[in-house]
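A.B. asks: Any chance you could fold what I've pasted below:
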Amino acid sequence: MSPREEIDCLVRNITTGMLTSGEFFARMVELLDKLSSEEKHEMISTLAHHPDEIVRRETQEIQSFVQHGEFSKDFDYVRRNSPLRPGTRLELFGGYDYYASGGHPRWLNGRECYRATFLGFARRGKDRVSVALIEFDDLIDVLEHKGRYGILIGSYGTHSFAWGQPEDTVLVHVVAALPDDPEAFCASHPRETAVESHASYRVEGTPGQTAGENS
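C.D. replies: Okay, the predicted model is just below:
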């Protein structure tokens, strides 16, 4: 079955209640990635005008996700539109085990958060989201990770492109020195090697959430 045929099948299933919104979204995104850019946008446009209201509503979410993905992978777009600028002060907090640890994730090593300065974005390769380079205020030495610098890997969603908000969830690598080739570094350091996969960054002074709400 071709991707287009599978998409037709998914549409029938969502309209008859055989799929949840989450299942439809996940499978549609996977199938759309198998189409060319032109075919992908043509398919989204077709579904956005589908006679069934459920399909139109679900397609709005998918369209937003795809668009934010394209923005996120456009290095120049991110640099122009992100609220992060060289010199921006950041707080890093939260964590995958925030609630399980009683609000004291191991990677924070007893701190409320780490403070750092944003240095700039770096390319991570073709069709990949850019990474953010930071310098911590203090030497980080925790869980066998040691250094004054960090490489943050962000992600996008239906509400924003990567690095498009003053706060979001990121994966954190701690390094003694920033690599000359961030793309090669990321290729050789899978997410399992990060000190924390579900940290949160926040531009210092941003009002709102508590440390665990974005974990």
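A.B. asks: I'd guessed residue 9 sits against residue 1; true?
C.D. replies: Yes: in this structure residue 9 lies within contact range of residue 1 using Cβ atoms under 8 Å: 7.4 Å. (C-beta placed from N, C-alpha, C; glycine too.)
A.B. asks: So for the two, which sits in the more crowded spot?
C.D. replies: Neighbours were counted for residue 9 and for residue 1 using other Cβ atoms under 10 Å; residue 9 has more, 15 against 8.
A.B. asks: Make sure I have this right: the more buried one is in a helix.
C.D. replies: Yes: under DSSP: H, G, I helix; E, B strand; the rest coil, residue 9 sits within a helix.
A.B. asks: Tell me how far it lies from residue 15.
C.D. replies: To residue 15, residue 9 is 11 Å away according to Cβ to Cβ, to the nearest Å.
A.B. asks: likewise residue 57?
C.D. replies: 11 Å.
A.B. asks: got it, and residue 187?
C.D. replies: Here the distance between residue 187 and residue 15 works out to 42 Å (Cβ to Cβ).
A.B. asks: neighbour-wise, which of the two wins?
C.D. replies: residue 15 (17 against 12).
A.B. asks: mind checking how far the closest residue to that one other than its chain neighbours is from residue 59?
C.D. replies: Among residues not flanking residue 15 along the chain, residue 52 sits closest, at 5.0 Å (Cβ to Cβ, 6 or more residues apart in numbering). Going from residue 52 to residue 59 by Cβ to Cβ gives 10 Å.
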